[in-house]
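Engineer: A predicted structure for the sequence below; I have some questions about it.
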Amino acid sequence: MEFCIEGISKQYKKTVLDHVSFSIASGACISLVGANGSGKSTLLSILAGVNKADGGSFFVSDDVSEESRRDLLTDGRLRNRLIGYVPQGTPLIEELSAMDNLLLWYSRRDIPESCENGVIGLLGVSEFLDVAVHKMSGGMKKRLSIACAMAGNPSLLLLDEPTAALDLPCREKIYGFFRDFKANGGALLLVTHEPEEITLSDTCYLLKNGQVSVYPYDGDVHTLAERL
Amino acid sequence: MNGRAYFHVQSKRLRILLKIMVPILAAITLLVSLGGYAAIHNTLEQNRMKIRVGICGDTSTPILKMGLSFLTAFDDAQYLVTLLPMEEEDALKALRREELSAYVVIPDGFEDAVNYNLDDAPIRYYSSRGQKGLSSQIMDQIAESISDMIVESNAGVLAYSDALVQDGAYDGVIVESLFLKDMELILRRNELLTYEELGITRGAGTFVYYLLCACLFLLLLFSLAAAPFFYGRDLSFERLVAARGLSGGKQVLLEYAAYVRLGLVWWIFVSAAFGILMLQESGGLSFALMCLSLLGAMLLFFAMHLFLYELLEGVVTQLSGQFFLYLMMAYCSGYFYPGYLLPKSVQRLSHVLPTGMSLDALLDAHKGQFPLIPYLGMLVLSLAFLFCAMILRTHRIRKGGKSA
């Protein structure tokens, strides 16, 4: 299975995305880098169905599946089934516990199963199910956000700066989950400013002036910063 | 994303936030109640100053003619009271239109009843509870007129007894028995005037009027108590929910439903209080219509709260902006003073404001009339507020922007 992004365009006062095209194969991790305001989050929000594109398409290329060539930008039901999205910030309800937040996305009977063998357990969220979100650390919140996005076992996970402002142990836990997800055939698209996450990805794309190009990241942050 | 789950989560948020909202609401209720109490007492004082009284019935008899000219030309009452002769039916309509403060009905045969020391034709006096000052004024004047008549009748008794003594009668017995008879009649005649409250301020008495205004004002300020519910939202959460199939518009509707569910609890309490305070006075139909109007007002105000929280950015702007807006709307709609004291242009504006429409509905309901026009207005405004809130939320989710 491959997720293909073809010619996605978006214009506000200026052109933010200009016929952006690339693809993400199952089991791959793509990182998307770019300067602030370059359109990375806009692209992710379009792929997640939050924002509307002015043009282009987003589909699953799969010869055996019936879903092949159905546009995910317009087919909300298919998109919800195949794609998980973790936006910037804390997409959680602060007053409620982790359990209550999970209940928004999971059915009550799925949670114990996921705590034992699924993603809730893998991310370590089962350790703080009764803690209210406003009492959680940044890392706990981020792990809970990812657990929420993983409801329904999506095939592609879109993450907008998933480890921004987190400490090292937290990052490691999240990166461990990414590796597991990839190993099980899941695809990842990370919008990031973190060199560590770029290293984690199989391919790095640079978004500049509304267009994407492959950036062969070799660990040289200074060169990358100059290219942005 | 399941809409039902979203609704339950929002309801649960409200339940958790109740421990913050209830003390704020209690403080607001206390302040509004104190304000209402002060307003009622202030109005009672003011109503002693400006009085237009309708005089109904036959005033052509010599005593009444003299009494009225005394009241309007010679007595100090001329500075307090304007007497307007009119038919009883017209007077009632004028009272409803707030053109009169009260009216007095002088029944046929009133003068004969006075002359013959009878109680069968009392003057009837109609006004609102807020016009008791007027009542005492009028009663003082009438008592004065009557005491004049009594002095004259006593003078008559003395003159008659003198005449009898001159004719050789034993004066002590005659004078004593005549005075006793006179006093007995005076003591029996204690019902020359009856007093009945009909309402003045758009058909409602002062107490009822300010009670309704206080309820509506409290409902307006409910949004300040509910600030944690609206302020605790996060744009990234809204975006995630939207990405999973629950659009901004649906989110607004489900949050509104959860918010209204809390409002229904408030409505039940206030309706019960209305029942205790007004059911006997207003009657069943009027009470039912008032409860329905209050429900309509709650739905409208809650839609407006939701809209304003979507529209305004920043917690200071959201709270202070709403507070001053609500104060202005309440003032224009006559929540602090009866509407007829405000300029005509403001009165006209009031009828298209959510605050004014709600008050119109409640006052019509209090009179037992079905408030069709205010209900339609409230429905249209509620839908407009919700629609605008949905547009704003959808726009914010798409463009990114402020978190609530």
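Structural biologist: Perfect, thanks for sending it. Numbering: from 1, shown residues only, chains lettered A, B, ... in the order given.

Engineer: can you classify the residue sitting nearest the centre point of chain A as helix, strand or coil?
Structural biologist: Nearest to the mean C-alpha position of chain A, by CA atoms, centre = their mean, lies residue A:158 at 1.7 Å. Here residue A:158 is strand, with the state taken from DSSP: H, G, I helix; E, B strand; the rest coil.

Engineer: which residues does it contact?
Structural biologist: Counting by CB atoms under 8 Å, 6 or more residues apart in numbering or on different chains, residue A:158 touches A:44, A:47-48, A:83-86, A:189. (Glycine included, C-beta is placed from N, CA and C.)

Engineer: pipe those into JSON lines and attach pLDDT and neighbour count per row.
Structural biologist: Compiled in JSON lines, the contacts of residue A:158 are given as follows (pLDDT from 0 to 100; neighbours: other CB atoms under 10 Å in any protein chain shown):
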{"residue": "A:44", "pLDDT": "91", "neighbour count": "25"}
{"residue": "A:47", "pLDDT": "91", "neighbour count": "24"}
{"residue": "A:48", "pLDDT": "88", "neighbour count": "26"}
{"residue": "A:83", "pLDDT": "91", "neighbour count": "25"}
{"residue": "A:84", "pLDDT": "91", "neighbour count": "28"}
{"residue": "A:85", "pLDDT": "90", "neighbour count": "29"}
{"residue": "A:86", "pLDDT": "89", "neighbour count": "26"}
{"residue": "A:189", "pLDDT": "94", "neighbour count": "26"}
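
Engineer: so which of those residues belong to strands?
Structural biologist: Within the contacts of residue A:158, residues falling in strands by DSSP state E are A:83-86, A:189.

Engineer: can you narrow the residues you listed down to the ones near chain B?
Structural biologist: Restricting those to those touching chain B (CB under 8 Å from any CB of the partner chain) yields A:83, A:85-86.

Engineer: picking up where we left off before, closest to residue A:171 among the contacts of residue A:158?
Structural biologist: residue A:86 (14.4 Å; CB to CB).

Engineer: so that closest one sits against residue A:143, correct?
Structural biologist: No: Residue A:86 is not in contact with residue A:143 according to CB atoms under 8 Å; the separation is 10.4 Å.

Engineer: follow-up on the earlier one: what's the closest of the ones next to chain B among the ones in strands among the contacts of residue A:158 to chain B?
Structural biologist: The nearest member of these to chain B, counting by CB to the nearest CB, is residue A:85 at 4.6 Å.

Engineer: which ones are touching the residue nearest to the closest one when sequence neighbours are not counted?
Structural biologist: Ranked by CB to CB, 6 or more residues apart in numbering or on different chains and with sequence neighbours excluded, the top spatial neighbour of residue A:85 is residue A:48, at 3.7 Å. Taking CB under 8 Å, 6+ apart, we find residue A:48 in contact with A:79, A:83, A:85, A:87, A:158, B:239, B:243.

Engineer: tell me which two in those residues are the farthest apart.
Structural biologist: Pairwise distances across the contacts of residue A:48 peak at 15.0 Å for A:79 and A:87 (criterion: CB to CB).

Engineer: compare the two and say which one has the larger neighbour count.
Structural biologist: Legend: neighbour count by other CB atoms under 10 Å in any protein chain shown for residue A:79 and residue A:87, higher for residue A:87 (28 against 23).

Engineer: what's near enough to touch the more buried one?
Structural biologist: Here residue A:87 is in contact with A:41, A:44-45, A:48, A:50, A:160, B:236, B:239-240, B:243 (CB under 8 Å, 6+ apart).

Engineer: how far away is it from residue A:147?
Structural biologist: Distance, residue A:87 to residue A:147, using CB to CB, to the nearest Å: 15 Å.

Engineer: also residue B:217?
Structural biologist: 45 Å.

Engineer: neighbour-wise, which of these two wins?
Structural biologist: Counting neighbours by other CB under 10 Å for residue B:217 and for residue A:147 shows that residue A:147 has the greater number, 29 against 25.

Engineer: secondary structure element for the residue in the stretch 101-250 of chain B that chain A sits nearest to?
Structural biologist: Residue nearest to chain A within the stretch 101-250 of chain B: residue B:236 (3.5 Å; CB to the nearest CB). Residue B:236 belongs to helix B:235-243 when assigned by DSSP states H and E.

Engineer: close to chain B: what parts of chain A are there?
Structural biologist: A:12, A:41, A:45, A:48-52, A:76-77, A:80, A:83, A:85-96, A:100-101, A:103-105, A:145, A:148-149.

Engineer: show the buried residues in these.
Structural biologist: With burial judged by 16 or more other CB atoms under 10 Å in any protein chain shown, the buried subset of these is A:41, A:45, A:48-51, A:80, A:83, A:85-96, A:100-101, A:103-105, A:145, A:148-149.

Engineer: helices - which of those land there?
Structural biologist: Members of these lying in helices (criterion: DSSP state H): A:41, A:45, A:80, A:100-101, A:103, A:145, A:148-149.

Engineer: buried residues, the lowest-mean-pLDDT helix or strand in chain A. List them.
Structural biologist: Using mean pLDDT, DSSP states H and E, helix A:221-227 stands out as the lowest-scoring helix or strand of chain A, at a mean of 78. Within helix A:221-227, the residues that count as buried by 16+ other CB under 10 Å are residue A:224.

Engineer: and it, how far out from the chain middle?
Structural biologist: A distance of 24 Å separates the centroid of the chain from that of helix A:221-227, by CA atoms, centre = their mean, to the nearest Å.

Engineer: repeat for stretch B:373-386
Structural biologist: That offset, for stretch B:373-386, works out to 23 Å (CA atoms, centre = their mean).

Engineer: I'd like the mean pLDDT over that stretch, please.
Structural biologist: Stretch B:373-386 carries an average pLDDT of 95.

Engineer: got the buried residues for that stretch?
Structural biologist: Residues of stretch B:373-386 classed as buried by neighbour count (16+ other CB under 10 Å): B:374-375, B:377-378, B:381-382, B:385-386.

Engineer: and which of those residues is nearest chain A?
Structural biologist: Distances from chain A to these, taken by CB to the nearest CB, are shortest for residue B:386, at 21.5 Å.

Engineer: give the contact list for the closest one.
Structural biologist: Residue B:386 neighbours (CB under 8 Å, 6+ apart): B:252-253, B:256, B:303, B:306-307.
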